[in-house]
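K.L.:
Sequence and predicted structure are below.
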Amino acid sequence: MSTKRRPVSAKRAAAIAAAAELLAGRRFTRRLYSTIAILAVLAGGLTAANLSKLPHPNSTSAVPRSATPGAFALYTLQRDTGRDSSGLKKPDTIIGSSLAGNDQGTVLVKASRIQEYAALPSAIAVATLNDDNTSSLEMVPLTGGPPTLVPLPSLGTVANLHAAGSNHLIGFTFTASAATGQYWKTLFVYDTDNPSSAPRAVQGIHGPVTATDWRFVPGSATLVAQAEDQSLFLIDPVDSGKVSPLGSHAGILGFVPRTNELAVADAGLKKGIDPTRYSTINLSTGKSAPLNLAGTFFPDPAKEVSTTAGQPLVLDASGQFIQVVRKYDGGKEASTVNLADKNGRQLYKPDAAWSRVLDTCLSPGSDYLAVETAAPQYTGDQYPVLPEPTPMRTDLVDLKSGSVVKSVPGFLPSWCR
């Protein structure tokens, strides 16, 4: 028995055609959204992961080596403004050194212009200057292998680079170039254990933190940051809700070894008349207490300035500290490092050829002092960020005896970063 189909009316045919077109459109839309989603994932992977592998000007190169990271007690940066036989600038280097022996250290990293660095147990974060004076930031593994480029927020300048030594975080302030202008001394942290991620802005009470000075609390991922209005904050950069105000202070002196305290400075009650005041802040409670640094040298403002003094470096909870005193005579500068305790004495005086002391910092065990020195008459390296004299040398001084246990090339010892 045959079955005949009923003829389809023109109206019904039009409805069927419209439904088919709608179904095809929905399928196309679903495919389009699926394609967009896939492209977004790929783009995200390119931005966070593959971007770090793209070449850029003046990139770093890891130098082949046989030594392990544990062989080095500290690192220094040696800039070289000289030219090779082809007229090209000689590379800057990061050097790993031990406390023993008379060697001049092991070259670990080379790049055309190294601005600064910060050392982690298994890698070094290296900020280099590009041809347009913007920054690039790379992680150089100490166990070998190629550097990895850290994706920065935009074109701009990295500064104040530090590492959480016992953790896996680095931090830095970032200022965007004039072309973008979105960031100004904005504080960022970067998780080196998750290289596919991007650096994230540290959040304060009112949003991203603008920091004029900052540093990680020793042995912790927590940090202390100072805003442009001199307000201090204790911040957990991983948990944006953990922000503790620490008051307003003129400057950060550093952390007091073997305590949970931060030493800070404030202007005298009568500016230009009263001497600087010092305090410690307990980071557990946020409470401050006066810090008596007896024997601190203050130049006499009524006399012609021929002697200046650096900020005290607090050595322990008793208030013992060291201070760099600089004297100027006939255009030449000579410096000493004085130890202020119950007796007070000169701890260290550099050789005449390296008589200009720039900075000091303590070793992690607080038993050695790193002293950056330069020639009394020097040539500046003209770097746009963190310019320094050249050449420079770092003396490692035994705090008990005052003797120099070793001198290594360069400056910016990792103990200070």
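P.N.:
Yep, that arrived.
K.L.:
quick one: average pLDDT of stretch 232-242?
P.N.:
On average, the pLDDT along stretch 232-242 is 89.
K.L.:
what do you get for stretch 336-348?
P.N.:
Mean predicted lDDT for stretch 336-348 stands at 83.
K.L.:
how long is that stretch end to end?
P.N.:
One end of stretch 336-348 sits 6 Å from the other (Cα to Cα, to the nearest Å).
K.L.:
residues in contact with that stretch?
P.N.:
293-297, 312, 320-325, 349, 357, 360, 369, 371, 395, 397, 399, 402, 404 (Cβ atoms under 8 Å, 6 or more residues apart in numbering). (Each C-beta comes from the backbone N, C-alpha and C, glycine too.)
K.L.:
Which members of those residues are positioned in strands?
P.N.:
321-325, 357, 360, 369, 371, 395, 397, 404 (DSSP state E).
K.L.:
From these, keep the buried residues only.
P.N.:
321-325, 357, 360, 369, 371, 395, 397 (16 or more other Cβ atoms under 10 Å).
K.L.:
export these to TSV and tack on pLDDT?
P.N.:
As requested, these are exported to TSV (pLDDT from 0 to 100):
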residue	pLDDT
321	93
322	93
323	92
324	93
325	90
357	93
360	95
369	96
371	97
395	96
397	96
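K.L.:
what about the stretch 1-150 of the chain, any weak spots by pLDDT?
P.N.:
Along the stretch 1-150 of the chain, segments meeting pLDDT under 70 span 1-59, 61-70.
K.L.:
try it again with 50
P.N.:
Where the stretch 1-150 of the chain drops to pLDDT under 50, the residues are 1-8, 10-55, 66.
K.L.:
before we move on, the earlier item: for the buried ones among the ones in strands among the contacts of stretch 336-348, which one is nearest residue 173?
P.N.:
Among those, residue 360 lies closest to residue 173 (Cβ to Cβ), at 22.9 Å.
K.L.:
Next, work out how far apart the closest one and residue 377 are.
P.N.:
In this view, residue 360 and residue 377 are 21 Å apart by Cβ to Cβ, to the nearest Å.
K.L.:
tell me which residues of stretch 123-140 are tucked away?
P.N.:
Those would be 123-129, 134-140, for stretch 123-140 by 16+ other Cβ under 10 Å.
K.L.:
which two of those residues lie the greatest distance from each other?
P.N.:
Greatest spatial distance in these: 123 and 134, 22.4 Å, computed using Cβ to Cβ.
K.L.:
The stretch 101-250 of the chain: helices as residue ranges?
P.N.:
Secondary structure of the stretch 101-250 of the chain by DSSP state H, counting those that start in this stretch: no helices are present.
K.L.:
tell me which of the ones in strands among the contacts of stretch 336-348 is nearest to residue 159?
P.N.:
residue 360 (20.9 Å).
K.L.:
Help me confirm that the closest one comes into contact with residue 315.
P.N.:
No: Residue 360 is beyond contact range of residue 315, at 10.9 Å (criterion: Cβ atoms under 8 Å).
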